[in-house]
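[1] Fold the following and give me the result.
(one chain, ligands or ions: 2)
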Amino acid sequence: MSAGTINLIGVPYDAKSSFLKGPSEAPQAIREALFSGASNLFSETGVDLGEVDGFREAADLRIENSDEGFGTIEEEASRLLTADSRPIFLGGDHSITFPLVKTLALTHRPSTLIHFDAHPDLYDQFEGDRFSHACPFARIMEEGSTDRLIQIGIRTTNDHQREQAEKFGVEMIELPKVPSDLGLSAADSVYVSLDVDVFDPAFAPGISHHEPGGMTVREVIGLIHSINAPIVGADVVELNPQRDVNGVTAMVAAKMVKEIAGKMATD
Ligand code: MN
Ligand code: MN
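    Ligands and ions are numbered 1, 2, ... in the order given. Okay, here's the model as predicted:
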């Protein structure tokens with residue numbers, strides 16, 4: 001497929017966070033890090049994102065940050081997505097991935113979803129809410145929005161979520177195992193969902209759920225670079241600027257946006 005237009009779309013939403021609020025402030029923090037004078041806009045693969053159509057444009061979903069607002073995410077995403085757009089959604093908490101992937105799948109259904117996270121987010125319901133940020137991948141698999149879900153960096157699973165993974169045929173790869181080959185072919189299309197808590201909190205403290213023993217930034221960049229199929233969309237979620245230290249986590253999130261966009265621009 002052609003590279004199309006890479007759109008950065010902010011989703012300032014954290015009403016489905018179970019523990020702390022804050023990710024609604026992340027789209028702004030990621031953009032500030034991305035376009036700050038601290039770095040340039042070249043991805044490591046040599047793409048100058050400053051020259052890529054649409055990359056500098058800022059758009060946010062116009063949604064209320066409340067339980068009611070969750071139901072408007074699909075409609076709002078439809079309004080902003082065009083036939084040739086490859087969105088990188090800037091979360092927001094992880095609940096947004098279900099309505100966003102569902103909407104994207106109407107026009108660009110990903111065959112494979114690559115999910116980086118400390119947590120499997122496969123709960124059938126969490127504290128009575130089936131749309132909690134602990135549940136999006138259960139909803140995605142029920143909806144059939146993808147054929148294959150690969151989870152990487154997982155280090156918090158429990159019996160219930162193991163059963164859910166089994167039920168949905170999820171490839172849950174738990175640390176310390178890191179895949180060397182994602183088993184993709186050029187015929188696949190990929191959506192990347194990156195929860196910033198996949199990293200060790202030493203690299204990325206600005207998150208709501210510190211889970212020690214996580215991945216390095218370099219490991220995750222290596223996996224992103226190894227995706228040998230078109231990336232049709234992505235999200236970077238769960239940055240909590242209220243917990244960040246000197247903006248270091250916002251810069252990690254911005255770096256992920258650059259490397260994902262660099263891949264999108266070159267397949
Ligand atoms: Mn998550
Ligand atoms: Mn997580």
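[2] looking only at pLDDT, what's the mean for the top helix by length along the chain?
    Scanning the chain for the helix with the most residues, using DSSP state H, yields helix 248-264. Averaging pLDDT along helix 248-264 gives 97.
[3] So which bits of the stretch 101-250 of the chain are right by ligand 2?
    D117, A118, H119, D195, D197 (C-beta under 5 Å from the ion). Yep, even glycine has a C-beta here, placed from its N, CA and C like the rest.
[4] now these in TSV, with pLDDT, neighbour count and secondary structure?
    What follows is these, written out as TSV (pLDDT from 0 to 100; neighbours: other C-beta atoms under 10 Å; DSSP: H, G, I helix; E, B strand; the rest coil):
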residue	pLDDT	neighbour count	secondary structure
D117	98	25	coil
A118	98	27	coil
H119	98	25	coil
D195	98	26	strand
D197	98	28	helix
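[5] Now do the SS call for E142.
    Assigned state for E142: helix (three-state reduction, DSSP: H, G, I helix; E, B strand; the rest coil).
[6] tell me which residues in stretch 60-67 are buried?
    Residues of stretch 60-67 classed as buried: D60, L61, I63, N65 (neighbour count, 16 or more other C-beta atoms under 10 Å).
[7] Would you point out the most distant pair within these?
    Taking C-beta to C-beta as the measure, these span a maximum distance of 11.3 Å, between D60 and N65.
[8] Spell out which residues are contacts of both of those two.
    Shared contacts of D60 and N65, defined by C-beta atoms under 8 Å, 6 or more residues apart in numbering, are found at P12.
[9] one step back: can you redo the buried residues of stretch 60-67 as TSV with pLDDT and secondary structure?
    Formatted as TSV, the buried residues of stretch 60-67 follow (pLDDT from 0 to 100; DSSP: H, G, I helix; E, B strand; the rest coil):
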residue	pLDDT	secondary structure
D60	95	strand
L61	96	coil
I63	96	coil
N65	98	coil
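[10] so which of those comes closest to S78?
    Nearest to S78 among these, with distances taken as C-beta to C-beta, is L61, at 10.3 Å.
[11] you'd agree the closest one is up against L80?
    Yes: applying C-beta atoms under 8 Å as the test, L61 and L80 come out as touching, 6.9 Å apart.
[12] got any residues that touch both of the two?
    Residues touching both L61 and L80 by C-beta under 8 Å, 6+ apart: I9.
[13] sec struct for I114, please.
    Per three-state DSSP, I114 ends up strand.
[14] show me the contacts for I30.
    L90, V236, L239, A250, A253, A254, V257.
[15] got a pLDDT number for it?
    pLDDT recorded at I30 is 97.
[16] any idea how far it lies from P241?
    Relative to P241, I30 is positioned 9 Å away (C-beta to C-beta, to the nearest Å).
[17] Need the overlap of contacts for those two.
    With contacts taken as C-beta under 8 Å, 6+ apart, I30 and P241 have A250 as neighbours in common.
[18] and stretch 109-123, how far out from the chain's middle?
    Its chain's average C-alpha position is 9 Å from that of stretch 109-123, according to C-alpha atoms, centre = their mean, to the nearest Å.
[19] Restrict that stretch to CA atoms and write it as PDB.
    C-alpha atoms of stretch 109-123 as PDB (Å, rounded to 0.1, in the frame of the first residue of the first chain):
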ATOM      1  CA  ARG A 109      -8.600  -4.100   9.000                       C
ATOM      2  CA  PRO A 110      -5.200  -5.200  10.500                       C
ATOM      3  CA  SER A 111      -4.500  -8.900  10.200                       C
ATOM      4  CA  THR A 112      -2.200  -8.700  13.200                       C
ATOM      5  CA  LEU A 113      -2.200  -6.600  16.300                       C
ATOM      6  CA  ILE A 114       1.100  -6.200  18.100                       C
ATOM      7  CA  HIS A 115       0.500  -5.100  21.700                       C
ATOM      8  CA  PHE A 116       3.400  -3.900  23.900                       C
ATOM      9  CA  ASP A 117       2.400  -3.800  27.600                       C
ATOM     10  CA  ALA A 118       3.200  -4.900  31.100                       C
ATOM     11  CA  HIS A 119      -0.400  -6.000  31.300                       C
ATOM     12  CA  PRO A 120      -2.500  -8.300  29.000                       C
ATOM     13  CA  ASP A 121      -5.600  -6.000  29.400                       C
ATOM     14  CA  LEU A 122      -7.800  -9.000  28.700                       C
ATOM     15  CA  TYR A 123     -10.200  -8.800  31.600                       C
END
